[in-house]
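**Student:** here is the input, now give the coordinates:
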Amino acid sequence: MEVGDTGGILEYLQKMQLEDPNFFYAIQVDQDALITNIFWTDGLMRADYASFGDVVCFDTTYRKNNEGRPFALFVGVNNHKQTAIFGAALLYDETASTFEWLFDTFARAMSGKKPNTILMDQDATMAKGLISTWPETRHCLCIWHIFQNAAIHLSHVFESFKQFANDFSKCVYDFDEEEDFISEWNTMLKKYGLEDND
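**Tutor:** Sure, this is the predicted structure:
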């Protein structure tokens, strides 16, 4: 942070809390008393979470640039199938201890209520932080992240075979039964010579 940023952030958070008594924020500092992580949620977000927080999507892919710090969102869907934001955070890094602090802080802000299911990336440190703080919450991979990772790691296959994207989508979206998915997945691997591709 630049000089003066800390005061500006604290002033803003305190102003929000005066305007909304249900506004909640938490700040984590390091051993030098410098701000590392900031979490906040307002009254509407907390009310939405109380009603619609059984399933939460957690994402840290929002950044201004490659050097920017992660901006994390806890997001869900309301009864009108509209996006509902439950909380947000500016993070210093994406370590397991940061995620542990964030998940613990989120639960405190929501009166101890933890989601039944959380959708997120397959990031190992994120999963470690989740398991240690919310062991009872079911952890599922987000479809969007699966596609993003596939596009990165299988870009040569997407470029070489026009039908691959359709076949991959079919595997991900069209099968409810594990047995059917595994059968179609193995067929796709064989079709594109990906049997040995990790």
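
**Student:** how about the helices in this protein?
**Tutor:** With DSSP state H applied, the chain shows helices at 5-19, 43-52, 96-109, 124-133, 143-153, 155-160, 164-173, 178-191, listed in chain order.

**Student:** list the contacts of the longest one.
**Tutor:** For helix 5-19, the surrounding residues in contact (CB atoms under 8 Å, 6 or more residues apart in numbering) are Met1, Phe23, Tyr25, Ile27, Ile35, Ile38, Trp40, Asp42. For every residue, glycine as well, the C-beta is placed using N, CA and C.

**Student:** hmm, 6 Å instead?
**Tutor:** Residues outside helix 5-19 that contact it (CB atoms under 6 Å, 6 or more residues apart in numbering): Phe23, Tyr25, Ile35.

**Student:** let me know the closest of these to Gly87.
**Tutor:** Checking the contacts of helix 5-19 against Gly87 by CB to CB gives Tyr25 as the nearest, at 9.9 Å.

**Student:** list the buried residues for the worst-scoring helix or strand of the chain on mean pLDDT?
**Tutor:** Ranking every helix and strand in the chain by mean pLDDT, DSSP states H and E puts helix 143-153 at the bottom, with a mean of 82. Within helix 143-153, the residues that count as buried by 16 or more other CB atoms under 10 Å are His145, Ala150.

**Student:** what is that helix packed up against?
**Tutor:** Using 3 or more CB pairs under 6 Å, 6 or more residues apart in numbering; DSSP states H and E, no helix or strand is in contact with helix 143-153.

**Student:** again, only using 7 Å
**Tutor:** helix 164-173 (3 or more CB pairs under 7 Å, 6 or more residues apart in numbering; DSSP states H and E).
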